[in-house]
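**Student:** model the structure of this input:
(one chain, ligands or ions: 2)
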Amino acid sequence: MSDPGRPPRGKFITFEGGEGAGKSTQVRLLAERLRVAGREVVTTREPGGSPGAEAIRKLVVEGSVDSWDGTTEALLMFAARRDHLARTIWPALARGTWVLCDRFADSTMAYQGQAHGLGRSVVARLYELAVGDFRPDLTLVLDLPVPVGLARARARPGVEDRFERLGHAFHERVRAGFLDIAAAEPARCAIVDATGSIEAISVAVCDTVRSRLGAG
Ligand SMILES: Nc1ncnc2c1ncn2[C@@H]1O[C@H](COP(=O)(O)OP(=O)(O)OP(=O)(O)O)[C@@H](O)[C@H]1O
Ligand SMILES: [Mg+2]
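**Tutor:** Ligands and ions are numbered 1, 2, ... in the order given. Here you go, the predicted structure:
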């Protein structure tokens, strides 16, 4: 039952896609556009987004690639996600604030579940345990051919190593993982062609937000 004294719940929009797809760029641009339109907006990212989740992020991101086995890494991701939801995302949505999140659970599914081979059912069970029935209102999957993502990553200092260490086939599996998720949940997900200019993609993102959520 809605309380007339409270603002309507905010919308939760997640941005997904491989390295260099433009997620961080597009989160920033959508936030600017929504704020111009008068909305309260919080931008956040995963892993991280709350003090506890940022501490877990350090464990996952700053270690070597094989610091954790796949199951442990997925458990850490969901522990961070649970804290991020409880401390940052759910309180903001309850205040009527829109939350734009740079990566969310679909990244765990595509990377750990699919590309690293942990299996989708393991990730789905962890999701159920840590997140329950809650889902993003809209997930924008920024889709890019792997070589284009690699070229963008190469243009950025520091990112090339990580990208190339994992290999082309790995990134193809990640891309396929995101496209599978979008195909399985078309009401929640929209695939955005991320090969155009930053501005063209931003327009496509805004059009999708407007058509799917009736605002933006
Ligand atoms: N449409 C675009 N065309 C060309 N370059 C772009 C485009 N979008 C973003 N870039 C550039 O590509 C690089 C990667 O973009 P960005 O950081 O937004 O990607 P990301 O998806 O957040 O990557 P990561 O997964 O590594 O965090 C940046 O240098 C950015 O300026
Ligand atoms: Mg980024």
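**Student:** what does the protein have sitting close to ligand 1?
**Tutor:** Selection of the chain residues close to ligand 1 by Cβ under 6 Å from any ligand atom yields 17, 19-25, 152, 155-156, 159, 197-198, 201. Yep, even glycine has a C-beta here, placed from its N, CA and C like the rest.
**Student:** what subset of those residues is buried?
**Tutor:** Among the residues of the chain next to ligand 1, those classed as buried by 16 or more other Cβ atoms under 10 Å are 17, 19-23, 25, 152, 201.
**Student:** need those residues in a markdown table (columns: pLDDT, distance to Val61 and secondary structure).
**Tutor:** As requested, these are exported to a markdown table (pLDDT from 0 to 100; distance: Cβ to Cβ, whole Å; DSSP: H, G, I helix; E, B strand; the rest coil):
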| residue | pLDDT | distance to Val61 | secondary structure |
| --- | --- | --- | --- |
| Gly17 | 97 | 18 | coil |
| Glu19 | 88 | 13 | coil |
| Gly20 | 88 | 16 | coil |
| Ala21 | 94 | 18 | coil |
| Gly22 | 95 | 20 | coil |
| Lys23 | 96 | 15 | helix |
| Thr25 | 97 | 20 | helix |
| Arg152 | 85 | 19 | helix |
| Ile201 | 98 | 26 | helix |
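**Student:** Val42: which of the residues you listed is nearest?
**Tutor:** Checking these against Val42 with Cβ to Cβ, the nearest one is Lys23 at 16.0 Å.
**Student:** so that closest one is in contact with Leu29, correct?
**Tutor:** No. Counting by Cβ atoms under 8 Å, Lys23 sits too far from Leu29 to count as a contact (11.0 Å).
**Student:** and the one residue sitting closest to the centre of the chain, how far from Lys11?
**Tutor:** Residue closest to the mean C-alpha point of the chain, counted by Cα atoms, centre = their mean, is Arg103 at 1.8 Å. Applying Cβ to Cβ, to the nearest Å, the value for Arg103 to Lys11 is 17 Å.
**Student:** and for Leu29?
**Tutor:** On the measure of Cβ to Cβ, Leu29 and Lys11 end up 17 Å apart.
**Student:** who has more neighbours out of those two?
**Tutor:** The neighbour count for Leu29 versus Lys11, taken as other Cβ atoms under 10 Å, is higher for Lys11 (23 against 18).
**Student:** and the more buried one, what is it in contact with?
**Tutor:** Contact partners of Lys11, counting by Cβ atoms under 8 Å, 6 or more residues apart in numbering, are 93, 98-99, 137-138, 213, 215.
**Student:** same question, Gly22
**Tutor:** 142, 144, 152, 194, 198, 201.
**Student:** which of those residues lies closest to Val174?
**Tutor:** Using Cβ to Cβ, the contacts of Gly22 come closest to Val174 at Leu144, 10.8 Å.
**Student:** what's the neighbour count on the closest one?
**Tutor:** Neighbours of Leu144 using other Cβ under 10 Å come to 23.
**Student:** so for it, what's the pLDDT?
**Tutor:** With respect to pLDDT, Leu144 scores 96.
**Student:** quick check: it touching Lys23?
**Tutor:** No. Contact criterion Cβ under 8 Å: Leu144 and Lys23 do not qualify, at 10.4 Å.
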